[in-house]
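**Student:** Quick one, structure for this:
(chains A and B)
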Amino acid sequence: EVQLVESGGGLVQPGGSLRLSCAASGFTFSSHSMNWVRQVPGEGLDWVSYISGSGSTVYYADSVKGRFTISRDNAKNSLYLHMNNLRAEDTAVYYCAREPPWAATAYFDYWGQGSPVTVSS
Amino acid sequence: DIQMTQSPSTLSASVGDRVTITCRASQSIGSWLAWYQEKPGKAPKPLISDASILESGVPSRFSGSGSGTDFTLTISSLQPDDFATYYCQQYNSYSRTFGQGTKVEIK
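**Tutor:** Residues are numbered from 1 along each chain as shown, chains lettered A, B, ... in the order given. Take a look at the predicted model:
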């Protein structure tokens, strides 16, 4: 069974840092590109970042470019999102999401349950 | 960046109604479009990929169509379990942009 379990969220002050993790199981992790998506409670879905299966290609939304870093450890079946210089507008639930294998297509076929991040003083 | 515009933002309908949600891309995305269903407190669930391919286990009352810039999600006969928020998403470009969502409410 495919499982994606996020952790690492919490309360952080503006300007602070946080690292989210996503533990993957039930599939060959390195065969899949992965993404982070966030959602402010009561609002829509906001794509944050992408990483290829090998980790060699990454993309970011303009709103987080230069502040967030996506990475992965295929030996540990884990995805990460390092968030620096956090702002109040980064407050959201953060989801990790998987794409189907080998870039056959690129929608998000499995999602984690989300990790809430609150940026507030 | 490619912008995705859904309409309507909110839709009031009754059980048994035929419901159509539209999604327009700011530039051509071929058939690289997915639809998701979201319910409160749960992660989004994929319904349709590549504009018209129904995900395994999704009821056949859901269907998707379109290509280029204009797409539709149709629910042929709305069921109680279908009251939720629906999102389109493009994945033609490196940024996997979502539409703003359409909330389907009970009339």
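
**Student:** burial measure for the residue nearest to A:H32 when sequence neighbours are not counted, as a count.
**Tutor:** Sequence neighbours aside, A:R98 is the residue nearest to A:H32 in space, at 5.1 Å (criterion: CB to CB, 6 or more residues apart in numbering or on different chains). All C-beta atoms are positioned from the backbone trio N, CA, C, and that covers glycine. Residues near A:R98, counting by other CB atoms under 10 Å in any protein chain shown, number 23.

**Student:** what's near enough to touch A:R98?
**Tutor:** The contact partners of A:R98, by CB atoms under 8 Å, 6 or more residues apart in numbering or on different chains, come to A:2, A:4, A:24, A:27, A:32-35, A:108-111.

**Student:** Sort out which of those are buried, if you could.
**Tutor:** Buried members of those, counted by 16 or more other CB atoms under 10 Å in any protein chain shown: A:4, A:24, A:27, A:32-35, A:108-111.

**Student:** which two of those lie the greatest distance from each other?
**Tutor:** A:F27 and A:N35 (15.1 Å; CB to CB).

**Student:** I'd guess the residue nearest to A:H32 is in a helix, am I close?
**Tutor:** No. Judged by DSSP: H, G, I helix; E, B strand; the rest coil, A:R98 forms no part of a helix; its state is strand.

**Student:** so is the most centrally placed residue in chain A in a helix, a strand, or just coil?
**Tutor:** Chain A has A:W36 as the residue nearest its centroid, 2.8 Å off, counting by CA atoms, centre = their mean. Applying three-state DSSP to A:W36 yields a three-state assignment of strand.

**Student:** and chain B, which of its residues are near chain A?
**Tutor:** Neighbours of chain A within chain B, by CB under 8 Å from any CB of the partner chain: B:1, B:32, B:34, B:36, B:38, B:42-46, B:49-50, B:55, B:87, B:89, B:91, B:94-101.

**Student:** Report the buried members of those.
**Tutor:** If you count burial by 16+ other CB under 10 Å, the buried members of those come out as B:32, B:34, B:36, B:38, B:43-46, B:49-50, B:55, B:87, B:89, B:91, B:95-101.

**Student:** now, which of those lie within strands?
**Tutor:** B:34, B:36, B:38, B:45-46, B:49, B:87, B:89 (DSSP state E).

**Student:** residue ranges with poor pLDDT in chain B?
**Tutor:** In the predicted model, chain B carries no residue with pLDDT under 70.

**Student:** Who are the contact partners of the residue positioned nearest the centre of it?
**Tutor:** Nearest residue to the geometric centre of chain B (CA atoms, centre = their mean): B:W35, 3.8 Å. Residues near B:W35 by CB under 8 Å, 6+ apart: B:23, B:46-48, B:62, B:64, B:73, B:86-89.

**Student:** one more time with 7 Å
**Tutor:** When contacts are counted by CB atoms under 7 Å, 6 or more residues apart in numbering or on different chains, B:W35 touches B:47-48, B:64, B:73, B:86, B:88.

**Student:** So which of those residues is the closest to B:V15?
**Tutor:** Nearest to B:V15 out of these is B:Y86 (CB to CB; 16.7 Å).

**Student:** Not counting residues beside it along the chain, what's closest to the closest one?
**Tutor:** B:T102 (4.9 Å).

**Student:** Check the contact between that neighbour and B:M4; I expect there is one.
**Tutor:** No. Using CB atoms under 7 Å as the test, B:T102 is too far from B:M4 to be in contact (11.6 Å).
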